[in-house]
Each structure stands twice: as structure tokens, then as C-alpha cells.
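J.: sharing a model prediction with you, sequence too.
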Amino acid sequence: SLAEDSLHFDAIHLDPWRFNNFNEALEQTANYLKFCFRQNPNLWFEVGTEEAIQPYSPEQLAELLDYLENNLSLEEFSQIKYVVIQSGTSIKDGANTGSYSAEKLTQMLWVAQSYKLLSKEHNGDFLSANLIREKFAKGLDSINIAPELGQIETQVYLNLIADSKKPYLFDLFYHLAHTSGKWKKWLSSPKSSEEIIKAAGHYVFSDPKFQVIVNYFQAEDLIKLKIKQRIGEILS
């Protein structure tokens with residue numbers, strides 16, 4: 001899909017870490033970037049991976065960037081805009097797990113800044129607003145909370161379904177979420193059908209069958225309000 005995506009996106013995250021060891025992922029990242037650059041020399045890139053997939057140290061982050069700098073042309077390397085940094089947090093079972101390290105964050109940020117790259121942390125979901133603000137105060141440029149926002153939207157629909165007393169809508173939502181298999185990434189041993197929906201509901205919003213629920217509730221304004229409230233907590 002990279003050949004097609006390169007032509008239509010402004011930026012792509014190159015993340016070959018799940019199925020490769022550290023050294024293999026370095027080489028794959030460089031190869032993928034070269035391929036995408038040939039497709040579209042105006043494309044921006046994000047490199048690196050999240051704690052839950054492949055933990056790495058500040059030294060290894062520097063090794064990644066050093067490898068890319070030495071194995072890409074100047075033009076190719078200059079298209080890297082973001083690097084994924086890690087500070088000990090990860091997502092599992094609908095909560096932020098792991099152990100946050102302010103020292104690791106500081107060291108990671110120093111590496112990113114030394115290569116003049118913007119830092120991005122994944123797995124920022126379900127953290128307290130105070131901790132997110134602390135990370136930005138230390139110099140973090142961006143944080144990914146997309147699954148949390150997806151879960152907010154999911155919860156809106158679950159609440160509306162419960163109030164409507166239409167169990168067939170819950171059954172439909174559960175069927176779509178369960179058969180997607182996406183919940184397996186986030187849950188080690190789900191205890192209820194609702195837990196599976198909360199973990200994987202946001203993956204099925206684009207499913208044509210889900211439009212039955214979308215059309216029934218017309219909840220777009222309520223969803224926007226709930227998401228803005230969460231973002232407001234972080235930015236206040």
C-alpha cells in the first residue's frame with residue numbers, strides 16, 4: 001500500500017518494528033523511505049516506534065537517526081519531520097500502563113532536538129491532563145491520543161444505545177467490533193462484550209453496517225462536544 005499511500009498523503013509513519021528486530025527495522029525504515037521518496041519527493045516522514053511494540057533507549061534512538069542520516073541522501077533525510085520518542089508508557093486493557101520516566105523523556109527529547117526533528121510520543125491515551133502538560137513543558141512537541149478520542153466516540157454511542165433500550169443495536173456494535181479482531185491488540189483477556197466494544201469500536205465506524213447506528217442517533221454534535229471537552233482539559 002505504500003506505493004498508493006505515497007501519492008495521496010502528506011506524511012507517512014514508517015514503522016516496520018513489529019515483525020523485525022532492531023537492526024532489521026533500521027534497514028527496513030531506510031528502504032521504505034527511499035521507496036516512498038521516489039514515489040513522492042514532497043512526502044514528510046515520521047520514524048521510530050512506540051513502547052508497546054519495541055522499547056528502545058535514548059542511545060538506540062540516536063543509533064536509528066544516525067543510521068538513517070548515513071544511509072539516506074541529504075534530500076531524503078531532510079524529509080523526516082517527526083521521530084517517535086518513548087518515556088515508559090504504553091496502552092493495555094483500556095488503561096495507560098508501564099512506568100513513566102521523566103529522565104528518559106528528557107534524554108529522548110535531547111536526541112530528537114540534536115537532529116532538529118520534532119518529537120512525537122505515542123500511547124498518550126488515558127493519561128492525566130497534568131502529566132500531559134508536564135511532558136509538553138519539558139519540550140515534547142506532540143502526543144498521540146487518537147485511541148482515547150475514538151473511545152470517547154464509542155462511549156457516546158454506547159450511552160445512547162443503552163438509553164434507547166434497543167438491544168439489537170448493541171448486538172450489532174458488538175458483532176462488528178468482535179469480528180474486526182482489533183480488540184486483540186489492546187486486551188489480554190476481555191471480561192465482557194462491552195469491554196471489546198470499547199477497545200475496538202473506533203475501528204468499525206467506517207463499516208457500512210455501522211451506518212445503521214450513525215443514522216439512528218445523529219450524534220455528531222454530541223461527539224464533537226465530548227472530544228472538545230477532553231482536549232480542553234489538556235490545554236487548560
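T.: It's in.
J.: now the closest residue to Leu169 other than its chain neighbours: phi and psi?
T.: Computed as C-beta to C-beta, 6 or more residues apart in numbering, the closest residue to Leu169 that is not its neighbour in sequence is Ile161, at 4.8 Å. Just so you know, the C-beta spots here come from the backbone N, C-alpha and C atoms, and that holds for glycine as well. Dihedral pair for Ile161: phi -60, psi -40, per degrees, to the nearest 10.
J.: could you give the number of residues near Ile161?
T.: Counted with other C-beta atoms under 10 Å, the neighbours of Ile161 add up to 21.
J.: surely it meets Val214?
T.: No. Taking contacts as C-beta atoms under 8 Å, Ile161 lies outside contact range of Val214: 11.9 Å.
J.: so what pLDDT did the residue nearest to Leu169 get?
T.: Confidence at Ile161, expressed as pLDDT, is 97.
J.: likewise for Asp5?
T.: On pLDDT, Asp5 comes in at 96.
J.: residue with max distance from the center of the chain?
T.: Lys165 (33.4 Å; C-alpha atoms, centre = their mean).
J.: tell me the confidence at that one?
T.: Predicted confidence (pLDDT) at Lys165: the value is 93.
J.: and what of Gly94?
T.: Per the predicted model, pLDDT is 64 at Gly94.
J.: repeat for the one 5 residues further on
T.: According to the model's per-residue confidence, Ser99 sits at a pLDDT of 83.
J.: touching, it and Ser90? I think so.
T.: No. If you go by C-beta under 8 Å, Ser99 and Ser90 don't touch, sitting 9.6 Å apart.
J.: give me the more crowded residue out of these two.
T.: Neighbours were counted for Ser99 and for Ser90 using other C-beta under 10 Å; Ser90 has more, 18 against 9.
J.: can you name every helix or strand that the biggest strand by length in the chain contacts?
T.: Longest strand of the chain, by residue count under DSSP state E: strand 80-85. Packing partners of strand 80-85 (3 or more C-beta pairs under 8 Å, 6 or more residues apart in numbering; DSSP states H and E): strand 11-14, strand 44-47, helix 58-71, helix 102-114, strand 118-121.
J.: now the angle from the third one to strand 80-85?
T.: Angle between the axes of helix 58-71 and strand 80-85 is 160 degrees (criterion: axes from the mean of the first three to the mean of the last three C-alpha atoms, to 10 degrees).
J.: give me the buried positions along helix 58-71.
T.: Buried residues in helix 58-71, defined by neighbour count with 16 or more other C-beta atoms under 10 Å: 58, 60-65, 67-68, 71.
J.: helix or strand right after it?
T.: Helices and strands here follow DSSP states H and E; after helix 58-71, the next one along the chain is helix 74-77.
J.: mind checking the pLDDT average for that following helix?
T.: 98.
J.: once you drop chain neighbours, what's closest to Lys226?
T.: Leaving aside its sequence neighbours, Lys226 sits nearest to Ile152 (C-beta to C-beta, 6+ apart; 5.1 Å).
J.: from what I can see the one you found touches Lys228, true?
T.: No. If you go by C-beta under 8 Å, Ile152 and Lys228 don't touch, sitting 10.1 Å apart.
J.: those two: which has the busier surroundings?
T.: Higher neighbour count among Ile152 and Lys228: Ile152, with 16 against 10, using other C-beta under 10 Å.
J.: which residues sit against stretch 59-79?
T.: 22, 26, 29-30, 33-34, 37, 41-45, 47-48, 56, 80, 83, 85-86, 108, 111-112, 114-115, 117 (C-beta atoms under 8 Å, 6 or more residues apart in numbering).
J.: quick one: buried ones out of those?
T.: So, by 16+ other C-beta under 10 Å, the buried ones in the contacts of stretch 59-79 are 26, 29-30, 33, 37, 43, 45, 47-48, 56, 80, 83, 85-86, 108, 111-112, 115, 117.
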